[in-house]
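Trainee: Give the three-dimensional model of this entry:
(one chain, ligands or ions: 1)
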Amino acid sequence: MSFLPAGLPLPQPTVDDAPFWEAARRHELVVQRCTECGTFRHSPMPCCYNCQSFDHEWVKIKGNGIIFSYINVVHPVHPALKDRVPFNVVLVELPEAGNVRMVGNVLDTPFEELYVGMPVEVTFEDIDAETTLPQWKRAS
Ligand code: ZN
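Mentor: Purely as a prediction, here's the structure:
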């Protein structure tokens with residue numbers, strides 16, 4: 001069973017983030033990095049915020065991070081979530097990629113056990129034939 005209920009809008013890849021979603025489909029986590037100055041960035045975007053270069057590469061990372069922040073969602077902000085609340089939403093910081101942060105859910109841990117600084121690792125949730133979401137689980 002998916003952590004996310006059916007009926008939620010799914011990501012619609014753009015020219016900027018399609019490689020991120022294609023890697024997720026292969027169960028790989030990639031982060032965009034400027035080839036001019038080496039700055040990692042997420043969410044993917046066409047131009048480096050540090051040096052304004054349009055040149056970039058995609059770097060595969062292991063997906064080991066720490067919880068930077070988290071919340072317990074109790075209000076269903078979409079009708080598909082009305083029977084799913086409460087659930088956690090986390091902001092995971094990735095030291096192996098310049099401390100970029102990614103949003104997701106910790107799939108295997110009760111909210112009461114989450115804490116800032118908690119080590120987590122990426123896991124992949126196949127939603128349908130085209131969509132896989134990078135998600136998080138307690139680091140082993
Ligand atoms: Zn740059």
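
Trainee: Just the residues contacting the longest strand along the chain, thanks.
Mentor: Across the chain, the longest stretch assigned as strand under DSSP state E is strand 64-73. The set of residues external to strand 64-73 that reach it, using C-beta atoms under 8 Å, 6 or more residues apart in numbering, is 81, 85-96, 101-102, 106, 111, 114-122, 136, 139. Glycine gets a C-beta too; all of them are placed from N, C-alpha and C.

Trainee: near the ion, which residues of this protein?
Mentor: When proximity is defined as C-beta under 5 Å from the ion, the chain approaches the ion at 34, 36-37, 39, 48, 50-51, 53.

Trainee: now the strands for the protein?
Mentor: Along the chain, the segments classed as strands by DSSP E run 29-34, 40-41, 56-61, 64-73, 87-94, 100-104, 119-126, 132-138.

Trainee: Now do stretch 6-26, average pLDDT.
Mentor: The average pLDDT within stretch 6-26 is 94.

Trainee: And that stretch, end to end?
Mentor: For stretch 6-26, the first-to-last residue distance is 22 Å (C-alpha to C-alpha, to the nearest Å).

Trainee: Now do the buried residues in it.
Mentor: With burial defined by 16 or more other C-beta atoms under 10 Å, the residues of stretch 6-26 counted as buried are 13, 17, 19-21, 23-24.

Trainee: can you list the weak-confidence ranges in the chain?
Mentor: Under the criterion of pLDDT under 70, the regions of the chain flagged as low confidence span 1.

Trainee: same thing but 90
Mentor: The chain contains residues with pLDDT under 90 at 1-8, 129, 140.

Trainee: show me what contacts the closest residue to Glu96 other than its chain neighbours?
Mentor: Using C-beta to C-beta, 6 or more residues apart in numbering and skipping residues adjacent in sequence, the residue nearest Glu96 is Ile61, 5.0 Å away. With C-beta under 8 Å, 6+ apart as the criterion, the residues that contact Ile61 are 29-31, 94, 96-97.

Trainee: if we go to 6 Å?
Mentor: If you count contacts by C-beta atoms under 6 Å, 6 or more residues apart in numbering, Ile61 has them with 29, 31, 96-97.

Trainee: Tell me how many other residues surround Val30.
Mentor: Here the count is done by other C-beta atoms under 10 Å, and Val30 has 22 residues near it.
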